[in-house]
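Engineer: give me the fold of what follows.
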Amino acid sequence: MNSTFIDLAEGMSCTAFLRLFISFLGGKSMSIPKDPAILLSFINTKLRDEYPSFEELCKSLCIGQNDIVNKLSALGYTYDQSKNRFI
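Structural biologist: The predicted model follows:
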């Protein structure tokens, strides 16, 4: 039996699926910055320019909210929902 793309993707995490799909299309996946200070700028820019909420950003990019919150809280930043940014 031949496996289809969907069969291969079944049971994969969102991130793994996106990487497989982007690779399948011949593109490169976008990774988020590892450095916390650069990550702060990246996230706040995305929130300002592209996303109405932190939750939507995380869903769209397939990243864990807790991972980002933990990294940025280590720098003393917290998400302000009313301003839609980390302050």
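Engineer: then the strand or helix carrying L47 to PDB, C-alphas only?
Structural biologist: When secondary structure is defined using DSSP states H and E, the element that contains L47 is helix 36-49. Provided in PDB are the C-alpha atoms of helix 36-49 (Å, rounded to 0.1, in the frame of the first residue of the first chain):
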ATOM      1  CA  PRO A  36      15.400  35.800  24.700                       C
ATOM      2  CA  ALA A  37      16.000  39.500  23.900                       C
ATOM      3  CA  ILE A  38      15.600  38.900  20.200                       C
ATOM      4  CA  LEU A  39      12.600  36.700  20.900                       C
ATOM      5  CA  LEU A  40      10.900  39.500  22.700                       C
ATOM      6  CA  SER A  41      11.300  41.800  19.800                       C
ATOM      7  CA  PHE A  42      10.200  39.200  17.300                       C
ATOM      8  CA  ILE A  43       7.000  38.300  19.400                       C
ATOM      9  CA  ASN A  44       6.100  42.000  20.000                       C
ATOM     10  CA  THR A  45       6.500  42.800  16.400                       C
ATOM     11  CA  LYS A  46       4.400  39.900  15.300                       C
ATOM     12  CA  LEU A  47       1.700  40.900  17.800                       C
ATOM     13  CA  ARG A  48       1.800  44.600  16.700                       C
ATOM     14  CA  ASP A  49       1.700  43.800  12.900                       C
END
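Engineer: check S13 and give its pLDDT.
Structural biologist: What the model reports for S13 is a pLDDT of 74.
Engineer: please name the nearest non-neighbouring residue to it.
Structural biologist: C62 (7.8 Å; C-beta to C-beta, 6 or more residues apart in numbering). Every residue, glycine included, has its C-beta placed from N, CA and C.
Engineer: now the strands for the chain?
Structural biologist: Taking DSSP state E, the strands of the chain run over residues 79-80, 85-86.
Engineer: winner for burial among those?
Structural biologist: Neighbour counts (mean count of other C-beta atoms under 10 Å) averaged over each of those peak at strand 85-86, with a mean of 18.
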